[in-house]
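Student: output the structure for:
(2 chains)
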Number of protein chains: 2
Amino acid sequence: MLASIAHSVPPRTYGPWEQVASTLTEGLVARGHDVTLFATADSVTSARLHAEAPAGYEEDDGVDAKVSEALHIAAAFERADEFDVISNQFDFLPLVFSRLVRTPVVTTVHGFSSERVVPVYRAYDDVAHYVSISDSDRHPSLSYDATIHHGIELDRFSAGAGDGGYLLFLGRIHPDKGTATAIDVAGRAGIPLVIAGVVHDEGYFAREVRPRIDGTSVTYVGPVAPPERDRLLGGALGLLHLIDFDEPFGLSVVEAMATGTPVIAYARGSMRELVDEGVTGWLVRDPDGAVAAVRRLTGVDREQCRRQARTRFSAQRMVADYETLFGRLVAARA
Amino acid sequence: MLASIAHSVPPRTYGPWEQVASTLTEGLVARGHDVTLFATADSVTSARLHAEAPAGYEEDDGVDAKVSEALHIAAAFERADEFDVISNQFDFLPLVFSRLVRTPVVTTVHGFSSERVVPVYRAYDDVAHYVSISDSDRHPSLSYDATIHHGIELDRFSAGAGDGGYLLFLGRIHPDKGTATAIDVAGRAGIPLVIAGVVHDEGYFAREVRPRIDGTSVTYVGPVAPPERDRLLGGALGLLHLIDFDEPFGLSVVEAMATGTPVIAYARGSMRELVDEGVTGWLVRDPDGAVAAVRRLTGVDREQCRRQARTRFSAQRMVADYETLFGRLVAARA
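Tutor: Okay, here's the model as predicted:
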């Protein structure tokens, strides 16, 4: 299991790629597989841990990210013969090592940072095994072995009563993520908004978000670690996920569902695949639609929302999907 | 031959790594070796050219540098079995592929961008064959196979009379390179200064350099292509190379010598190895020393300076040094 090393596995606060690598690793170990996790030394796992980097390069100023990544990836490929499959949860860089080893490499495409990275995926399309994390995120020029939606460890998310009297924004503070839109919508609906997440765009935060934080109608609580996240999600009337781009997946969306909290999302990207309208939330086209949807939130059956999350987005389901794919590749080699 | 792909090989204007890769490639081909040059598609070579990138990533906004580098390096290693030796003129990234192939990889260390990249060199010290480009640039924690000073294609540099009536600054406009110091020294010596090179630090240029350009005592001619460079060097009374860090090598220094133009350099980094005092220039400790050295420039025997450059820094000498090293490694494998 080749994880991203921007953060530890699992991440302390933010780090969706590292979270998925952790969930998949722990699930495979629980099913009896012998897994070596390539991750930072401060990672926590029941698998064998191989660490080149002491800590995530986002969390360690003394480290050159490019050096750290190169040593990390090479370490996994230098040991390739020991493994039946390499699960690449990193990014595109491991692809370019894949022709130099015999072990099949399954690359989970966590999203394309830009169209300019597609050429490397295309160059290895013949030997690569690509997994898309939603059907909507598939690139038309690539061939995929499977779409596997992320799953989450449901026992880490408790049933929330949604009685905190607030709407929640949970994610990076960035124009793409629609933080300001969430403030608008909550304001028009007359319900307080709680904002949680790391600031990824300081200018945007200073310009569009910070001036509107008043501690009552708009509150900012910073990045949140898992226990706090669970509590915040469970207490929310709904999650405002009004994201201005085609998101490949949305972990916070299924996490909200897992606490029983419905989601209001723009009908684009993976959201059409993740949200079951009327059960786990509503898909809307614009802020007006979002304001209208807020009024329907109280009518949601939170237990049914939670059941749906359990059925569709459990770690068990995700791990089983990967296990099937890995098994198929191992059988094909034999 | 694995070249850097920031620029084409040879570079149109700036690109010392690409220039060295070109000189070495052409020299090896001239000596009858079968060389494949991995470089940008707009490179010009008598070797076989393998190109993944259409153009240098510094010259092509449509390209992601990381993608371009990854595809480029992998292409060379995927063909490793075809080669007796891989000469890595790129940087540290190819090192991490080197355990995955049987072909020896000779890495010319063109300098350490920071102490933070040393760990990757150290991690591959056991399998790597490092070439330092000056003794002064050797890192104490690494083992080297050789120091090979760069050589230049001397027939591209004509004997200049040094009669242009100016001192020359040739290099990137950057605080490290001492552009402002050169202006001070030339001003104090009462001799016009011509500045040539790309602006690498816009703020420094705007603050320290541009206000002092007057078109007579200080002239800026921008980056210069080889023919113009030859003319500028040959016409200069001397090259002011007052560089504020330990430079691994200084191509412009030996290029100046090759036109008969002596060099005034700070006595640090590789300069002690490159400059023969009284023959090809003077080593000084500070601006005062530089001003004093300017007065001695007219006494230099330009023909002797040129002969010294020919003896010590010819492409032939460099190519022969690499040929010896490559031959030793091939023999050791057999």
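Student: okay, buried residues for the helix or strand where A:Cys305 lies please.
Tutor: Using DSSP states H and E, A:Cys305 maps to helix A:302-312. Residues of helix A:302-312 classed as buried under the neighbour-count rule (16 or more other C-beta atoms under 10 Å in any protein chain shown) are A:302, A:305-306, A:308-310, A:312. Any C-beta I mention is one placed from the backbone N, CA and C, and that applies to glycine too.
Student: and the pLDDT at A:Gly165?
Tutor: pLDDT for A:Gly165: 96.
Student: dump the residue contacts of the residue nearest to it when sequence neighbours are not counted.
Tutor: Closest residue to A:Gly165 in three dimensions, ignoring its sequence neighbours and counting by C-beta to C-beta, 6 or more residues apart in numbering or on different chains: A:Pro192, at 6.6 Å. By C-beta atoms under 8 Å, 6 or more residues apart in numbering or on different chains, the contact set of A:Pro192 is A:165-167, A:186, A:216-219.
Student: residues in contact with the helix holding A:Cys305?
Tutor: Counting by C-beta under 8 Å, 6+ apart, A:149, A:154, A:159-162, A:254, A:257-262, A:276, A:279-281, A:317 sit against helix A:302-312.
Student: right, and the helix or strand after that helix?
Tutor: Past helix A:302-312, the next helix or strand by DSSP H and E is helix A:315-333.
Student: tell me which residues in that following helix are buried?
Tutor: Neighbour-count burial for helix A:315-333 [16+ other C-beta under 10 Å]: A:315, A:317-319, A:321-322, A:325-326, A:329.
Student: kindly export it (C-alpha atoms) in PDB.
Tutor: Output of helix A:315-333 as PDB, limited to C-alpha atoms (Å, rounded to 0.1, in the frame of the first residue of the first chain):
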ATOM      1  CA  ALA A 315     -15.200   0.600   4.700                       C
ATOM      2  CA  GLN A 316     -16.200  -3.100   4.400                       C
ATOM      3  CA  ARG A 317     -17.800  -2.500   1.000                       C
ATOM      4  CA  MET A 318     -14.800  -0.500  -0.300                       C
ATOM      5  CA  VAL A 319     -12.300  -3.100   1.000                       C
ATOM      6  CA  ALA A 320     -14.300  -5.900  -0.600                       C
ATOM      7  CA  ASP A 321     -14.400  -4.100  -3.900                       C
ATOM      8  CA  TYR A 322     -10.600  -3.600  -3.900                       C
ATOM      9  CA  GLU A 323     -10.100  -7.200  -2.700                       C
ATOM     10  CA  THR A 324     -12.100  -8.400  -5.700                       C
ATOM     11  CA  LEU A 325     -10.000  -6.300  -8.100                       C
ATOM     12  CA  PHE A 326      -6.700  -7.300  -6.600                       C
ATOM     13  CA  GLY A 327      -7.700 -11.000  -6.600                       C
ATOM     14  CA  ARG A 328      -8.600 -10.800 -10.300                       C
ATOM     15  CA  LEU A 329      -5.100  -9.300 -11.100                       C
ATOM     16  CA  VAL A 330      -3.300 -11.900  -9.000                       C
ATOM     17  CA  ALA A 331      -5.300 -14.700 -10.700                       C
ATOM     18  CA  ALA A 332      -4.500 -13.300 -14.100                       C
ATOM     19  CA  ARG A 333      -0.800 -13.400 -13.400                       C
END
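Student: please enumerate the helices of the stretch 1-150 of chain A.
Tutor: A:16-30, A:65-78, A:118-123 (DSSP state H, counting those that start in this stretch).
Student: run through who's touching the first one.
Tutor: In this case it means helix A:16-30. Helix A:16-30 has contacts (C-beta under 8 Å, 6+ apart) with A:1, A:3-4, A:6-11, A:35, A:37, A:39, A:43, A:45-47, A:56, A:87, A:89-90, A:108, A:110, A:150-153, A:249, A:251, A:315-316, A:318-319, A:322-323.
Student: how about the contacts made by A:Arg210?
Tutor: Here A:Arg210 is in contact with A:Tyr220 (criterion: C-beta under 8 Å, 6+ apart).
Student: now it: how far from A:Thr181?
Tutor: 16 Å (C-beta to C-beta, to the nearest Å).
Student: just A:Phe112 next, same as before
Tutor: 24 Å.
Student: more neighbours: which of these two?
Tutor: Neighbours were counted for A:Phe112 and for A:Thr181 using other C-beta atoms under 10 Å in any protein chain shown; A:Thr181 has more, 20 against 15.
Student: quick one: secondary structure of the more buried one?
Tutor: Following DSSP: H, G, I helix; E, B strand; the rest coil, A:Thr181 is assigned to helix.
Student: leaving out sequence neighbours, find the closest residue to it.
Tutor: A:Leu242 (4.5 Å).
Student: where in the stretch 201-334 of chain A is pLDDT low?
Tutor: The model of the stretch 201-334 of chain A has no residue with pLDDT under 70.
Student: and the strands in it?
Tutor: Applying DSSP state E, counting those that start in this stretch to the stretch 201-334 of chain A gives strands spanning A:218-220, A:236-241, A:263-266, A:281-284.
Student: the longest one: partners in the sheet, and parallel or antiparallel?
Tutor: It refers to strand A:236-241. If you go by DSSP bridges, strand A:236-241 pairs up with strand A:166-170 (parallel), strand A:263-266 (parallel).
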